[in-house]
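>>> Here's a sequence, model it:
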Amino acid sequence: MKQIYVVGIGPGAYEKMTMEAVEALKASDVIVGYTVYVDLVKEYFPDKEMLTTPMRREEERCRMALEEASRGKTVAMICSGDAGVYGMAGLMLEMGREYPDCSIEVVPGVTAALAGAAVLGAPLIHDFAVISLSDLLTPWETIEKRLACAADGDFSICIYNPSSKKRNDYLQKACRILLKYRSPETVCGIVRNIGRDGQSSQVMTLGELEYLETDMFTTVFVGNSRTQKLGHRMVTPRGYRFEGRKGILVVSFGTSHPDTRKKTIDAVEKELAAAYPEYRVYRAWTSGMIIRKLKERDGYHVNTVTEALEQMKADGIRELVVQPTHVINGFENEQMIAEVSGAAEEFEKVSCGAPLLTTSEDGEAVIRVLMEEFGTLNEDTALVFLGHGTTHYANTVYAALDYQMKDMGYRNAYIGTVEAYPSMESLKRRIEEGGYKKVILAPFMIVAGEHAKHDMAGDDPQSWRCQFEDMGCQVECVFRGLGEYEGIRRLLAEHAREAMEKGAE
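Sure, this is the predicted structure:
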């Protein structure tokens, strides 16, 4: 029988070819392939006849190989990666039916999904899907369905051919489909020029991937819901349990505004992950209304505290630290503690960190962070912070903090609340009594979301901005949630450390 080998040569480097692939090329008289791939191997097999065709001439290439074999030559048809993964094996076998005297043998190689995964760490350790964004042979509508199904099924996804000169927005379109099912914080990675000169890799979030520039030589990896970033690595847990596995559950009220979430809640979570790399960081929100809104509007789900605890148990977490981003120990924090207490027996160690404002030392630290950021204020300028407020007795923290600011010498700094005391009415009296000409408004909440954009700075006559303007004051609105201040994030990380030490006693 006349012999044809369909050979996967791997990602490009000679040392990444399998021994079987090398032996097949050595045994061949003729090597046929796409010009770029032949250029990768020709220096290692200088005595072979090389036949090439440009891109999109696959049938011509196969015919060329079959004709050479029919003349009695041993032929190797080469493909990058694996011949059976977006390679030439299928077409060669189909066309080979016309040449019954030719024996066709498929020689496997290392595909980009595997070679790229090794560069990033272990993103494909569990079930995964491989999808090409090239619509030369597959309609885009079909690709969209496959992306949606893989995302809905919580597969890790490896994306080939993410973009080209004619398809420069395809990866962005793919990310928008994935974001209907996945959080913007889903861990993703890319590898450029796998196994070739100029190889590079990067780990990022799905939200960041959406706007990344890529090309045909980039392979993209999208993690599943459990994939995590470990240093510069991308790791998808398979479910193994091991002693001493530690986790931090960061519990926030939540926000439906992605712009402020990235700067605040996400930043706090990253701060904790960087401060305690031996812990895996998880997210939970306490606002059921916001969780439902995100699911209905954006198509992705944020865990409740109970759901997050179940996830951590399933992941084998044995030492649990819960760190809230709540400002005070109000109803939301009490409910969080109750849910954690109910699941405590599922873990070996459980400890809860304190909310932002728990002690007078916390208040002093927060005031110093904020006032260092705003600097010295003119005598005719008042700095007014907008807090949330609650009917819970912990609301007294706001009035105490206002007093503490004055006691520390910041006499033109004030704090009020949207829903309790100190109220806007009391603030207006104090601004009038102080004779201030300018008011700087800033949110005293972890995020600068709904309340900051509407209650603080909105166009409604009842917004704080409008009310102070009606008093004749010049108003400047600062859209910066507490989570954006490095000092605030560090204080929350310190509270987590104190909880860890308490749990170790």
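
>>> Buried ones in the longest helix that the chain contains, by neighbour count?
As assigned by DSSP state H, the longest helix anywhere in the chain is helix 486-503. By neighbour count on 16 or more other Cβ atoms under 10 Å, the buried set for helix 486-503 is 488-489, 491-493, 495-497, 499-500, 503. Heads up, the C-betas are built off the backbone N, CA and C, glycines and all.

>>> Gly353 and Leu491, how far apart?
Computed as Cβ to Cβ, to the nearest Å, the Gly353 to Leu491 distance reads 10 Å.

>>> That should have said Ala284, apologies.
20 Å.

>>> Could I get the full set of strands for the stretch 351-500 of the chain?
For the stretch 351-500 of the chain, the strands defined by DSSP state E, counting those that start in this stretch occupy 381-387, 413-417, 438-443, 474-477.

>>> Leaving out the residues flanking it, which one is nearest to Val478?
Ala442 (4.2 Å; Cβ to Cβ, 6 or more residues apart in numbering).

>>> burial count for the one you found?
23 (other Cβ atoms under 10 Å).

>>> contacting residues around it?
Applying Cβ atoms under 8 Å, 6 or more residues apart in numbering to Ala442 gives the contacts 370, 374, 383-386, 477-478, 480.

>>> how much space between it and Glu20?
66 Å.

>>> Ser360 and Met408: what is the separation?
Look at Ser360 and Met408: by Cβ to Cβ, they are 11 Å apart.

>>> Also Arg465?
Arg465 is 27 Å from Met408, by Cβ to Cβ.

>>> what do you get for Trp464?
The value you get for Trp464 to Met408, if Cβ to Cβ is used, is 24 Å.

>>> what does Ala148 give?
With Cβ to Cβ as the criterion, Ala148 and Met408 are 55 Å apart.

>>> Quick check: which ranges of the stretch 151-300 of the chain have low pLDDT?
239-244 (pLDDT under 70).

>>> higher neighbour count, Arg465 and Met408?
Neighbour count, other Cβ under 10 Å: between Arg465 and Met408, Arg465 has more, with 19 against 14.

>>> tell me which of the buried residues of helix 486-503 is nearest to Ala267?
Distances from Ala267 to the buried residues of helix 486-503, taken as Cβ to Cβ, are shortest for Arg489 (6.2 Å).

>>> domains of this structure?
As given by automatic domain parsing, the domain ranges for the chain are 2-110, 113-234, 238-357, 360-484.

>>> how far does stretch 163-174 stretch from start to finish?
10 Å (Cα to Cα, to the nearest Å).

>>> Equivalent analysis for stretch 165-185, please.
In stretch 165-185, first residue to last residue: 28 Å (Cα to Cα).

>>> List the contacts of that stretch.
133-135, 143-144, 147-148, 151-152, 157, 159, 161-164, 186, 205-207, 209-212, 214, 220, 222, 225, 258, 262, 266, 269, 283, 298-302.

>>> Show me where the stretch 201-350 of the chain has its helices.
Per DSSP state H, counting those that start in this stretch, the stretch 201-350 of the chain has helices spanning 206-209, 258-263, 265-275, 288-298, 305-314, 331-342. These are given in chain order.

>>> got the angle for the third one vs helix 486-503?
This means helix 265-275. 50 degrees (axes from the mean of the first three to the mean of the last three Cα atoms, to 10 degrees).

>>> quick one: buried residues of helix 265-275?
Buried, per 16+ other Cβ under 10 Å, within helix 265-275: 265-269, 271-273, 275.

>>> just to revisit the earlier point, distance to Glu59 for the helices of the stretch 201-350 of the chain - can I get that in CSV?
Putting the helices of the stretch 201-350 of the chain into CSV (distance: least, Cβ to Cβ, whole Å) gives the following:
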stretch, distance to Glu59
helix 206-209, 35
helix 258-263, 47
helix 265-275, 49
helix 288-298, 44
helix 305-314, 49
helix 331-342, 62
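
>>> got the phi/psi numbers for Tyr276?
phi -130, psi 70 (degrees, to the nearest 10).

>>> right, and it touches Ala496 too?
Yes - counting by Cβ atoms under 8 Å, Tyr276 does reach Ala496; the two are 7.0 Å apart.

>>> list the residues that contact both of these two?
Common neighbours of Tyr276 and Ala496 (criterion: Cβ under 8 Å, 6+ apart): Ile248.

>>> Model confidence score at the residue nearest to Val478, please.
With respect to pLDDT, Ala442 has a value of 97.

>>> which residues touch Thr306?
Thr306 neighbours (Cβ under 8 Å, 6+ apart): 339, 343.

>>> how about a cut-off of 7 Å?
Counting by Cβ atoms under 7 Å, 6 or more residues apart in numbering, Thr306 touches Glu339.

>>> Distance-wise, check it relative to Arg238.
Counting by Cβ to Cβ, the gap from Thr306 to Arg238 is 24 Å.

>>> same question, Ser287
Ser287 is 32 Å from Arg238, by Cβ to Cβ.
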